[in-house]
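Undergrad: Everything below, folded, please.
(chains A and B)
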Amino acid sequence: SQTIHQWPATLVQPVGSPLSLECTVEGTSNPNLYWYRQAAGRGLQLLFYSVGIGQISSEVPQNLSASRPQDRQFILSSKKLLLSDSGFYLCAWHRDRGNTIYFGEGSWLTVV
Amino acid sequence: AQSVTQPDIHITVSEGASLELRCNYSYGATPYLFWYVQSPGQGLQLLLKYFSGDTLVQGIKGFEAEFKRSQSSFNLRKPSVHWSDAAEYFCAVGPRGSSYKLIFGSGTRLLVRP
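TA: Okay, here's the model as predicted:
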């Protein structure tokens, strides 16, 4: 069966510091991968999606970037964090030609 | 514009009572429809989905949802709520043929009274 892992689960970072959140999917190949952000008390906002290695689409302009160095690995990064980057970040995937998105457990980021 | 509306931000029900969470969407054509549940501090778990066929779909944990094309609605129901159902519920829609741009509602937080 397929599984998705995100880490770290919780992160507290000072303003201006870098960020790296990692996501790995197991049990499938060539998944479509996504990063969503969920701000406190709000819905989900799609940040990035990727249909293959090195192929990243950004949905909203922001202080974050994403990379896909391997087929089943998706990384969310920032060079300098802002207070507004605080939130709950969710990685998700669906298999190629699939119709259902499955989510990881999420990563809590607090920028102080 | 494509959108999903969950008109109830919070809903409180007593344990054992029935539940209905509302979801309306605005979309160019009939999309794929989903309900997800999120427990505090957790990721989203798929409850059920509608692609085609029978408009009443069954999901996990005793939930069901009914697609009504004429009302552009996909309401979630459960006949008897358990305390463990307290969570946030998200309705989502996605284009047929690709789910990479799911549009989520803002969520409904369910509180369960003992």
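Undergrad: When you work out contacts or count neighbours from here on, use the C-alpha atoms and nothing else.
TA: OK.
Undergrad: my read: residue A:100 touches residue A:92, true?
TA: No - taking CA atoms under 8 Å as the definition, residue A:100 is not a contact partner of residue A:92, at 10.1 Å.
Undergrad: Have a look at the two and say which one is more surrounded.
TA: A direct count of neighbours by other CA atoms under 10 Å in any protein chain shown for residue A:100 and residue A:92 places residue A:92 higher, at 28 against 20.
Undergrad: Now do residue 6, the pLDDT please.
TA: Defaulting to chain A. Residue A:6 is assigned a predicted lDDT (pLDDT) of 95.
Undergrad: wrong one, chain B
TA: Predicted confidence (pLDDT) for residue B:6: 95.
Undergrad: what about it, distance to chain A?
TA: 11 Å (CA to the nearest CA, to the nearest Å).
Undergrad: Excluding chain neighbours, what is closest to residue B:73?
TA: Once flanking residues are discounted, residue B:73 sits nearest to residue B:24: 4.4 Å by CA to CA, 6 or more residues apart in numbering or on different chains.
Undergrad: got it, and residue B:42?
TA: residue A:105 (5.3 Å).
Undergrad: wait, isn't the one you found in contact with residue A:5?
TA: Yes - using CA under 8 Å, residue A:105 is in contact with residue A:5, at 7.2 Å.
Undergrad: The two: which is more packed in?
TA: For residue A:105 and residue A:5, the more surrounded residue by other CA under 10 Å is residue A:105, and the numbers stand at 21 against 18.
Undergrad: Pull up the residues of chain A that are close to chain B.
TA: With CA under 8 Å from any CA of the partner chain as the criterion, chain A comes near chain B at residues A:32, A:42-44, A:46, A:49, A:90, A:94, A:97-106.
Undergrad: Go again with 10 Å.
TA: Chain A comes close to chain B at residues A:9, A:32-34, A:38, A:41-46, A:49-51, A:59, A:88-108, as judged by CA under 10 Å from any CA of the partner chain.
Undergrad: So which bits of chain B are right by chain A?
TA: When proximity is defined as CA under 10 Å from any CA, chain B approaches chain A at B:9, B:32-34, B:36, B:38, B:41-46, B:48-49, B:51, B:90, B:92, B:94-109.
Undergrad: ChimeraX command to pick out the buried ones of those?
TA: Selection of buried members from the residues of chain B next to chain A for ChimeraX, criterion 16 or more other CA atoms under 10 Å in any protein chain shown:
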select /B:32,33,34,36,38,42,43,44,45,46,48,49,51,90,92,94,95,98,99,100,102,103,104,105,106,107,108,109
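Undergrad: who does the helix or strand of chain B with the lowest mean pLDDT touch, helix- and strand-wise?
TA: Lowest by mean pLDDT, DSSP states H and E among the helices and strands of chain B is strand B:103-104, with a mean of 88. Judged by 3 or more CA pairs under 10 Å, 6 or more residues apart in numbering or on different chains; DSSP states H and E, the packing partners of strand B:103-104 are strand A:44-52, strand B:3-5, strand B:32-38, strand B:87-94.
Undergrad: possible to save those strands as TSV with distance to residue A:64?
TA: Formatted as TSV, the helices and strands packed on strand B:103-104 follow (distance: least, CA to CA, whole Å):
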stretch	distance to residue A:64
strand A:44-52	9
strand B:3-5	25
strand B:32-38	24
strand B:87-94	24
